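Here's my sequence, what's the structure:
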Amino acid sequence: MLQCNMVFGRCNGRRSSTDHPKNRGRVGTDALKPCVTVFDNVGKSMPVFRKMLPSEMALYEGHLLRLSRADRYARFAGTVSDDVIKQHCRKLDWRRTIAIGGFIQGDLRAAVVLCTDRLLWPDQAELAVSVEGGLQGQRVGTTLVRRALTIARNRSIHTVHMLVQAENTRMRALSGRFGGRMKLEEGEISVVFDLPPPNQFSLGLEALEDGAGAVGAMLDRIQAAMPDRAAA
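Alright, predicted model coming up:
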């Protein structure tokens, strides 16, 4: 059965574990503030970040299938085939999943998936990040993780888990930026983010970014249609 990183087993294709840290730190408020990012990617377009809908599963599957072999290994903590990815997408339970996508002209090029289980672990969650090669190194992953942590915080989730390959220096640096506590386990690093309770700032930030995502999606669709109009 496809499972997630460490706790619930729904994002990353790994067996679950009940090993939870006893000592908690806190992610500082500054780490959850929006960051200004300059992108230099395909078509010189700035990605639009927004929450995804269950009806967009085909876009998510297509994004995962486009990942390189190395990026698949980093995302799923192992080598996976196209069939495994398709099965993973079919088994995602959207009642317990929040996904945020990075879109360029309507195409999903990066995503973070936040998995929860309110029955077994009401204050715990896991996240998994995937960024296609053309956008790596441009702080797309940073933006996705920050937004996911804000959303988790606003749902009174206290602890978020993430699994990182030991050789993935970018994700290790990103985890440290947001106060993640890292522990090396059999060549993999388990990261734990301890979140403060929600407040007016975090709730307002999520609402603001939801609105910006909706506007950005409209502009992104217009931009995607412009080459077609020019060709006509």
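
List the buried residues of the worst-scoring helix or strand of the chain on mean pLDDT.
Least confident helix or strand of the chain, by mean pLDDT, DSSP states H and E, is helix 200-231 with a mean of 82. By 16 or more other C-beta atoms under 10 Å, the buried positions in helix 200-231 come out as 202, 205, 206, 209, 213, 216, 217, 220, 223, 224. Where C-beta positions appear, they are placed from N, C-alpha and C, glycine not excepted.

surely the second one meets residue 149?
Spelled out, it's residue 205. No: contact between residue 205 and residue 149 fails when scored by C-beta atoms under 8 Å: they sit 10.8 Å apart.

So, low pLDDT: which residues of this structure?
Filtered on pLDDT under 70, the chain yields the residue ranges 1-44, 227-232.

Need the residue closest to the centroid of it.
residue 112 (1.5 Å; C-alpha atoms, centre = their mean).

Bridged to that one, which residues?
residue 100, residue 129 (DSSP bridges).

Tell me who's in contact with it.
Applying C-beta atoms under 8 Å, 6 or more residues apart in numbering to residue 112 gives the contacts 99, 100, 127, 128, 129, 130, 141, 144, 145, 147, 148.

quick one: it and residue 81, what's the gap?
From residue 112 across to residue 81, the span is 23 Å (C-beta to C-beta, to the nearest Å).

thinking again about what came up before, which one of the contacts of residue 112 is nearest residue 185?
The closest of those to residue 185 turns out to be residue 128 (C-beta to C-beta; 16.7 Å).

I figured that closest one was touching residue 162, is that so?
Yes: in this structure residue 128 lies within contact range of residue 162 using C-beta under 8 Å: 7.0 Å.

So which bits of stretch 188-196 are buried?
188, 189, 190, 191, 192, 193, 194, 195.

quick check, the second one in a helix?
No: secondary structure assignment places residue 189 outside any helix; it is strand (DSSP: H, G, I helix; E, B strand; the rest coil).
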